[in-house]
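A.B. asks: Here you go, sequence then predicted model.
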Amino acid sequence: MTDFAAAAGNLKLFSGEWWLRFAVGVGVALLIAIIASWVVHHYVRRYRRRASASGDDPAGRRRRRLATAVGLAGGLIIVIAWSIVVLSLVSFFGVALGPLIASAGIAGLAIGFGAQQLVADTISGLFLVLEGQFDVGDTVQLETDGGVISGTVERLSLRATAVREFDGTLSTVANGLIQITRNKTRGWGRAIVDLRIALDEDADRVRDLIEALLRDLVAVEPYASGLREQPKVLGVTQLTENAQVIRVTAETEPSKRVDVERAMRQAIAAKLNAEGIRRPPPYPPGPAPGSGIA
């Protein structure tokens, strides 16, 4: 590039020889940058789709980790490619790069003092990646300075994390603002269903009904692919003024916890209704709240 700058001083700008000697080089650099950008975006989208469709098995976790690494490497490649284009253009117009780089270094130092949050975001993002706290495609709950963000990680860079929330909102948070990370796609999950029945119902009978029901359900979806072990009926875990609470738990694959919990709740409610198990009234015996009766 310094050769470009030296030669440019001996040529008339935009002359035929000027175009001939330099336009080809800049055009090649621009073409390479465009192709690199297209290839990076294509493969990043491809790996992100694979990550979002993967399960909780080791292969699925490897896909999510690979999607994260591809996204970070792709971003770096794009920055380098377009930086070369910019430097080629500057050299193409005969600007000396030495003083420009020195000035950029001084300006960068001055900007650095005013961009402490950007530095903090980048360092935090680096540790997020190195420690593997979450990857693209993971379901997370992030406690940030602006509140709690829950959803699926769609994009992760050194500066920021983009999370698709369950209502479809895409939230982007600077990595330096993340205080606590809760990854719901690692290890295992636990489905918990609490059932309220009337105080005078036979808790042992209800427990037997639920256990028989769950034994029949473990072979069908979403239990077959979502359960890690047989669901357990813990029995009565709480007594209130008008109800006894029976808790059912099941260790699940982390991404299947909500599906298993929802299916268990629906199946158990239907079974108890069919067996005539009475539920407690919505309020303790006496006047309902807001009735005006003391």
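C.D. replies: The structure has been received and is ready for your questions.
A.B. asks: okay, Phe14: pLDDT?
C.D. replies: We have a pLDDT of 58 for Phe14.
A.B. asks: Arg265 now?
C.D. replies: 90.
A.B. asks: For it, which non-adjacent residue is spatially closest?
C.D. replies: Val193 (5.1 Å; CB to CB, 6 or more residues apart in numbering). (C-beta placed from N, C-alpha, C; glycine too.)
A.B. asks: With Gln117 instead?
C.D. replies: Gly176 (6.2 Å).
A.B. asks: Which residues in the host helix or strand of Ala191 does the neighbour count mark as buried?
C.D. replies: Ala191 is located in strand 189-198, with elements delineated by DSSP states H and E. Of all the residues in strand 189-198, those buried under the rule 16 or more other CB atoms under 10 Å are Gly189, Ala191, Val193, Leu195, Ile197.
A.B. asks: Now tabulate the residues you listed in TSV and tack on distance to Leu76 and pLDDT.
C.D. replies: Converted to TSV, the buried residues of strand 189-198 look like this (distance: CB to CB, whole Å; pLDDT from 0 to 100):
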residue	distance to Leu76	pLDDT
Gly189	34	83
Ala191	41	87
Val193	47	90
Leu195	53	88
Ile197	59	87
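A.B. asks: So which of those residues is the closest to Ile34?
C.D. replies: Taking CB to CB as the measure, Ile34 lies nearest Gly189 of the buried residues of strand 189-198, at 44.2 Å.
A.B. asks: Please name the nearest non-neighbouring residue to that closest one.
C.D. replies: Of all residues not flanking Gly189 in the chain, Arg257 sits nearest, at 3.3 Å (CB to CB, 6+ apart).
A.B. asks: Counting neighbours, which bits of the host helix or strand of the one you found end up buried?
C.D. replies: Secondary structure from DSSP H and E places Arg257 in helix 257-274. Buried residues in helix 257-274, counted by 16+ other CB under 10 Å: Arg257, Val258, Asp259, Val260, Glu261, Ala263, Met264, Arg265, Ala267, Ile268, Lys271, Leu272.
A.B. asks: just how off-centre is that helix within its chain?
C.D. replies: Offset of helix 257-274 from its chain centre (CA atoms, centre = their mean, to the nearest Å): 28 Å.
A.B. asks: Point out the other helices and strands that it packs with.
C.D. replies: strand 189-198, helix 203-217, helix 223-226, strand 243-252 (3 or more CB pairs under 8 Å, 6 or more residues apart in numbering; DSSP states H and E).
A.B. asks: can you give me how far stretch 151-167 is from the chain middle?
C.D. replies: Chain-centre distance of stretch 151-167: 5 Å, with CA atoms, centre = their mean.
A.B. asks: end to end, how far does it reach?
C.D. replies: For stretch 151-167, the first-to-last residue distance is 9 Å (CA to CA, to the nearest Å).
A.B. asks: Could I get the buried residue list for that stretch?
C.D. replies: Result for stretch 151-167 [16+ other CB under 10 Å]: buried residues 151-164.
A.B. asks: Show me the domain layout of the protein.
C.D. replies: If you go by automatic domain parsing, the domain ranges for the chain are 2-114, 134-183, 189-274.
A.B. asks: Export the ones you listed as CSV, with columns for distance to Ser124.
C.D. replies: Converted to CSV, the domains of the chain look like this (distance: least, CB to CB, whole Å):
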stretch, distance to Ser124
domain 2-114, 14
domain 134-183, 4
domain 189-274, 24
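A.B. asks: Can you say which of those is nearest to Ile123?
C.D. replies: Ile123 lies closest to domain 134-183 among the domains of the chain, at 7.6 Å (CB to CB).
A.B. asks: That closest one: how far from the chain's middle?
C.D. replies: 5 Å.
A.B. asks: quick one: the strands in the stretch 101-250 of the chain?
C.D. replies: Counting by DSSP state E, counting those that start in this stretch, the stretch 101-250 of the chain has strands at residues 139-144, 147-156, 160-165, 170-174, 178-183, 189-198, 232-239, 243-252.
A.B. asks: pretty sure Ala243 contacts Leu199?
C.D. replies: Yes. Using CB atoms under 8 Å, Ala243 is in contact with Leu199, at 6.5 Å.
A.B. asks: In terms of neighbours, single out the busier of the two.
C.D. replies: Taking other CB atoms under 10 Å, Ala243 and Leu199 do not tie; Ala243 has more neighbours (18 against 13).
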